[in-house]
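[1] The amino acid sequence is not available; the structure is as follows:
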């Protein structure tokens, strides 16, 4: 199914929309224990899922119950529900990550993230790398501090290339059919900018 169909199915099953990011939306399960992340297009999220697979049980990574690709380049992932971390604490932990002064479990995540970053950088166009800031630190319901979404694409360059020649993006990122459906475009773009992107993306060669 597409990201639209996945979102509709979750809502019909009683999941409640609870957040909107740049690349995805979040819905919370009826029992409050889980969150579904539905994104139409986000090549960087595959790297984060790979990080979680390589270090299951690390206290600084969320528990992933389920993930699957969606038709047209999207992803659906179900992970433990996370709440915002107090700002000062998040800033402090982000600083420790940058300086490499966190505890052993955080150092392990940092080390494996660097390896995943190198692998994806070598094969993913418009890769931007590791981006851990205070907003990427959350708190699990059991009190653990959890790292999320630590990898990113150079979105400005990707969408700039869409405007210049969308065929290049289609060739380099074949799983990008729903590239214009990310929340950031809907939230931040003017009608004129949306029209220009859609015209460029759907232009017949």
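    Structure's in. What do you need? Bear in mind the structure is a predicted one, so any value in this text is a computation, not a measurement.
[2] Contacts made by stretch 43-56 with the rest, please.
    Residues outside stretch 43-56 that contact it (CB atoms under 8 Å, 6 or more residues apart in numbering) are 23-24, 37, 39, 61-62, 64, 67, 75, 77, 108-109, 112-113, 116-117, 120, 124, 127-128, 148-153, 173, 175. For every residue, glycine as well, the C-beta is placed using N, CA and C.
[3] Surely residue 94 touches residue 130?
    No - counting by CB atoms under 8 Å, residue 94 does not reach residue 130; the two are 11.7 Å apart.
[4] Which stretches in the chain count as strands?
    In the chain, the strands defined using DSSP state E lie at 16-20, 25-28, 34-39, 64-70, 74-80, 82-84, 127-130, 137-140, 145-147, 151-153.
[5] same for the biggest helix by length in the chain, what does it pack against?
    Using DSSP state H, we find that the single longest helix of the chain is helix 104-123. Packing partners of helix 104-123 (3 or more CB pairs under 8 Å, 6 or more residues apart in numbering; DSSP states H and E): helix 45-54, helix 87-99, strand 127-130, strand 151-153.
[6] phi, psi of residue 133?
    Main-chain torsions, residue 133, degrees, to the nearest 10: phi -130, psi -180.
[7] same deal with residue 102?
    Dihedral angles (degrees, to the nearest 10) for residue 102: phi -80, psi 180.
[8] my guess is it contacts residue 95, does it?
    No - between residue 102 and residue 95 there is no contact under CB under 8 Å: 9.4 Å.
[9] higher neighbour count, those two?
    In terms of neighbours (other CB atoms under 10 Å), residue 102 is the more surrounded of residue 102 and residue 95; the figures are 20 against 12.
[10] For that one, give me its contacts.
    Here residue 102 is in contact with 93, 96, 110 (CB under 8 Å, 6+ apart).
[11] okay, which residue is most central for this structure?
    Nearest to the geometric centre of the chain sits residue 45, at 4.4 Å (CA atoms, centre = their mean).
[12] What residues are bridge-paired with the closest residue to residue 16 other than its chain neighbours?
    Spatial nearest neighbour of residue 16, excluding adjacent residues (CB to CB, 6 or more residues apart in numbering): residue 28 at 5.2 Å. When assigned by DSSP bridges, residue 28 has beta-bridge partners residue 16, residue 35.
[13] Could you verify my assumption that residue 28 touches residue 18?
    Yes - in terms of CB under 8 Å, residue 28 counts as a neighbour of residue 18; the distance is 4.4 Å.
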